[in-house]
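Student: Quick one, structure for this:
(chains A, B, C and D)
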Number of protein chains: 4
Amino acid sequence: MKIRASATLSYRFPDATQIIGLIQCARSPDQAILSEALQVAPEAQLITDDDGFTRRIRACLSGEVTISYEAEVDNGRRSLLPAAGRQHLWSDLPADVLPYLLPSRFCPSDQFQRFALREFGNAGDGVARVMTIMDWIHRHVDYQAGVSTAESNAAHTFTVRAGVCRDFAHLAITLCRALSIPARAVGAYAVDLQPPDFHAVVEVFLENQWWLVDPTRLAPVEGLVRIAHGRDAADIAFLTTDKPCELISQTIEAVRL
Amino acid sequence: MKIRASATLSYRFPDATQIIGLIQCARSPDQAILSEALQVAPEAQLITDDDGFTRRIRACLSGEVTISYEAEVDNGRRSLLPAAGRQHLWSDLPADVLPYLLPSRFCPSDQFQRFALREFGNAGDGVARVMTIMDWIHRHVDYQAGVSTAESNAAHTFTVRAGVCRDFAHLAITLCRALSIPARAVGAYAVDLQPPDFHAVVEVFLENQWWLVDPTRLAPVEGLVRIAHGRDAADIAFLTTDKPCELISQTIEAVRL
Amino acid sequence: MKIRASATLSYRFPDATQIIGLIQCARSPDQAILSEALQVAPEAQLITDDDGFTRRIRACLSGEVTISYEAEVDNGRRSLLPAAGRQHLWSDLPADVLPYLLPSRFCPSDQFQRFALREFGNAGDGVARVMTIMDWIHRHVDYQAGVSTAESNAAHTFTVRAGVCRDFAHLAITLCRALSIPARAVGAYAVDLQPPDFHAVVEVFLENQWWLVDPTRLAPVEGLVRIAHGRDAADIAFLTTDKPCELISQTIEAVRL
Amino acid sequence: MKIRASATLSYRFPDATQIIGLIQCARSPDQAILSEALQVAPEAQLITDDDGFTRRIRACLSGEVTISYEAEVDNGRRSLLPAAGRQHLWSDLPADVLPYLLPSRFCPSDQFQRFALREFGNAGDGVARVMTIMDWIHRHVDYQAGVSTAESNAAHTFTVRAGVCRDFAHLAITLCRALSIPARAVGAYAVDLQPPDFHAVVEVFLENQWWLVDPTRLAPVEGLVRIAHGRDAADIAFLTTDKPCELISQTIEAVRL
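Tutor: Residues are numbered from 1 along each chain as shown, chains lettered A, B, ... in the order given. Below you'll find the predicted structure:
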């Protein structure tokens, strides 16, 4: 699918606010960036880190600033989670995948071992387990704003049984890790997401590869454009600042071309 | 059943430690205290509050002190939870029962409304719901020491799916309150409890009366001797002190006569 | 001071929502209710519990409902916290005051013993300690909306150093209890509070009496009209319901006559 | 200093337990590994990842197993934190250091910005701030076992004002990050640590370099042998398993040669 993704973020920053921004499309084998443009107004120095995958913007900003980004992306080479596929033993995983087995701030997977084993232990392994987990979440958790906060973790979502995309992602990641399936959070632009916003989804590592899954079922995986991935939402915030700052307006869009 | 209940608590108290002790059998229509003796060695002044139900000991202690209590109790007039019985509307509850509808420290019932309604909403009401909750806990939570701490609440137990008697009690209370069934924690001596210890169980209010239930199924309700009740474990601690103090030894017993 | 206090609460209730409301002025020796009126539109049956202090409304409501209350109160007999006054030993406290020494949901005073002793242990006792605690809170905690939620407890406020009136009250209560000073939460109408709203303040028990204190310093104690008291905010919510319901509008006022 | 470091870990593993072990000395410019030996009894296949710094052991074990490690290390090229040194702007940090600015599971630095700025904002920057933070921790937090658990985070330690080495490390890391100083957790062997155990300390990034600091002051930095580093204790656990397993015995030693 060819997609035009864009974000326009206007904030009022206290003097000399240090920022890290994650809004540029990732370089990834499953998506080709056809064109892109990044602008900041009024003009300011932007540093862009590029680790071959994620592009991270750094800047020091003051006052009212608008950051705009637009890209055209072709994600046609993306493979979708196959119907079957086994999970790896720990000893067979690439070393750089291992951190995604561990509990993290919003994904306390160590607390979920009993539940996960009891509920999903007989669901086969690999793809079958992942699909059973996603189905369980779909049946048991309501998508609803206002129930969770930026400090809510997967245990909170598991208890209150409601949340937004990041909460769904955290619970899915947590349950996968509790069953020894590496899982991580992915920030993305998402075609057909209503209302339009940055989206948080999940990647699981099976059959020697990462696969995208959307536990909320709100946006098709074919319409996702990757921005960044990490252990959980703390790693993929589209804006991190060293001081509280004030949102003026924010427009995110992703449309198929 | 006639029961002899006893507790011998030896502690090393820092100088002038203020204590509140809840170890005496409660005065309750469902248990008659046939005889009892309370001793402290070395001798110290004990104040005993008696609100017609709970007897609370207050003292100011220093150094190594042993508090001993022994009672013979006949709890033969206790009624067991009947096979059926409806729960009350809020408007039909006695006013002094209302606090046991509210969330409390270890029982955040407000967070469990969605889960409780979805899982137990069709289980009838009153006794049927309570029995379904107890059965759910029995099937999903493992009795195991070392998983929880004195700071664990019902949401923790719900996530980790393991705990000890106070955790079982907190989860049962929480789920009942989430369904508008008043529920409270009861501290008790318990015949046949292995290993012997103070026990924490639950009371639910149905059919205009409080009924004892043991979510752990470790001790028969017929063998319980009430000590105190409250919103959760914070209210029924057998010993509360204003300073950390050191346990030397502790023996609790309850035997049928 | 003579005060006119009023509240108009409009909500949209799901069918047959059970409610408990705490909006009527308390009967209390330090405030005389000169006149009052309670109305519900459309008409519905209201049960009012009166324990000689708190008046609690119970009802079962459906659809759009407005509850209105207005009262004229003279609180001229209120005594203000004196300049000096000692705290009680546990053994000298009335038995009904003891629960306010214990930790509760939003006031985990057991976790604060080290901090409280180190920071306030040399501040004398009684009134001196309370004033030092209030001063410490004033210097270290910012009054700011949006930092806390209805699930935040005093440990959260202690860490983030910001909150609203209920957070200030919880932290003050917690620190007092950690130093063996009984403390409880009070819901009140408050003259001069900006913006007008229900207010949460604190009562401490010293010199055989409860004394009102406002840790936020936003409203004069002379302008408070008591509604209810309890261990913490969970006990004094102006509206508790058995289902989520939707706020339409809410107006609270307290003016001196 | 030349140091002999060793660990002997005996566990009873359920059948086919997957493990990740972090017990080997890290390859690091500030420590030369003179010799080392790693053994497992009964014999089992060990995979050792080596990312040029950390060596991670992976295995699949069953029954009673003893893992032994011994190494001789010369850490004589280690530089100690200088008396002065400025912290970096975010824009001047190497990209791989940026994750250590972010909050993590046990280090919720976002919650501490107000406190950190108010308490340490005037303490200069860089080394001066770090030393002021370490001094603050030394004065306000008691080293004491039994107060914290493996689930305690820095906010818990900040409240209860007591903990063990991992708690000290988490609080130090949290406060540094809240002031934009990159900080991470380091697992280490530690000469002179009483009782001998694995130690958790801290690294801060200043003057373009990571520097070791021990917030507990229990072991000299000159006597530390690095094993691994990460965002917090979750990343540097010496043993991670996919199932609960039973400790039989554990001996850790570090002696100067």
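Student: residues touching the nearest residue to A:Leu80 once chain neighbours are set aside, list them.
Tutor: Closest residue in space to A:Leu80, ignoring its immediate chain neighbours: A:Val221 at 6.0 Å, by Cβ to Cβ, 6 or more residues apart in numbering or on different chains. C-beta coordinates here come from the backbone N, C-alpha and C atoms, glycine included. By Cβ atoms under 8 Å, 6 or more residues apart in numbering or on different chains, the residues touching A:Val221 are A:78, A:80-81, A:201, A:212-214.
Student: at 7 Å what do you get?
Tutor: A:80, A:212-214 (Cβ atoms under 7 Å, 6 or more residues apart in numbering or on different chains).
Student: now swap in A:Ile47 and tell me
Tutor: A:58-59, D:91.
Student: which of those residues count as buried?
Tutor: Buried residues within the contacts of A:Ile47, defined by neighbour count using 16 or more other Cβ atoms under 10 Å in any protein chain shown: A:58-59.
Student: can you give me the strands in the stretch 1-150 of chain A?
Tutor: Under the criterion DSSP state E, counting those that start in this stretch, strands of the stretch 1-150 of chain A are mapped to A:2-21, A:32-41, A:47-50, A:55-74, A:142-143.
Student: weakest of those in terms of mean pLDDT?
Tutor: Of all the strands of the stretch 1-150 of chain A, the segment with the smallest mean pLDDT is strand A:47-50, scoring a mean of 92.
Student: what lines up beside that strand in the sheet?
Tutor: The strands that strand A:47-50 pairs with in its sheet are strand A:55-74 (antiparallel) (by DSSP bridges).
Student: in the strand it pairs with, what's buried?
Tutor: The neighbour-count check on strand A:55-74 (16+ other Cβ under 10 Å) flags A:55-61, A:65, A:67-69, A:71-74 as buried.
Student: so who does A:Pro215 touch?
Tutor: A:134, A:137, A:168-169, A:172, A:202.
Student: Just put these in a markdown table and tack on pLDDT, distance to chain B and neighbour count.
Tutor: Output for the contacts of A:Pro215, formatted as a markdown table (pLDDT from 0 to 100; distance: Cβ to the nearest Cβ, whole Å; neighbours: other Cβ atoms under 10 Å in any protein chain shown):
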| residue | pLDDT | distance to chain B | neighbour count |
| --- | --- | --- | --- |
| A:Met134 | 98 | 18 | 22 |
| A:Ile137 | 98 | 13 | 21 |
| A:Phe168 | 98 | 15 | 26 |
| A:Ala169 | 98 | 18 | 33 |
| A:Ala172 | 98 | 15 | 28 |
| A:Val202 | 98 | 19 | 27 |
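Student: Could you dump those residues into TSV with distance to A:Thr48 added?
Tutor: What follows is those, written out as TSV (distance: Cβ to Cβ, whole Å):
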residue	distance to A:Thr48
A:Met134	34
A:Ile137	35
A:Phe168	30
A:Ala169	26
A:Ala172	30
A:Val202	26
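Student: Looking at those, which are in helices?
Tutor: Using DSSP state H, the subset of these located in helices is A:134, A:137, A:168-169, A:172.
Student: Out of those, which is nearest to chain D?
Tutor: For these, the residue nearest chain D by Cβ to the nearest Cβ is A:Ala169; the value is 16.1 Å.
Student: residues making contact with stretch A:90-97?
Tutor: Outside stretch A:90-97, the residues touching it (Cβ under 7 Å, 6+ apart) are A:180, A:182, A:205, D:18, D:20, D:47, D:49, D:51, D:56, D:58, D:60.
Student: Render the CA-only coordinates of that stretch in PDB, please.
Tutor: Output in PDB follows, covering the C-alpha atoms of stretch A:90-97 (Å, rounded to 0.1, in the frame of the first residue of the first chain):
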ATOM      1  CA  TRP A  90      15.600 -18.800  24.300                       C
ATOM      2  CA  SER A  91      18.800 -20.400  23.100                       C
ATOM      3  CA  ASP A  92      17.800 -20.000  19.500                       C
ATOM      4  CA  LEU A  93      16.900 -16.300  19.600                       C
ATOM      5  CA  PRO A  94      19.300 -13.700  18.200                       C
ATOM      6  CA  ALA A  95      21.000 -11.900  21.100                       C
ATOM      7  CA  ASP A  96      19.500  -8.500  20.200                       C
ATOM      8  CA  VAL A  97      16.000 -10.000  20.600                       C
END
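Student: all helices of chain A, in order?
Tutor: A:113-120, A:127-140, A:154-160, A:165-178.
Student: Name the stretch among those helices that sits most buried.
Tutor: helix A:165-178 (a mean of 28; mean count of other Cβ atoms under 10 Å in any protein chain shown).
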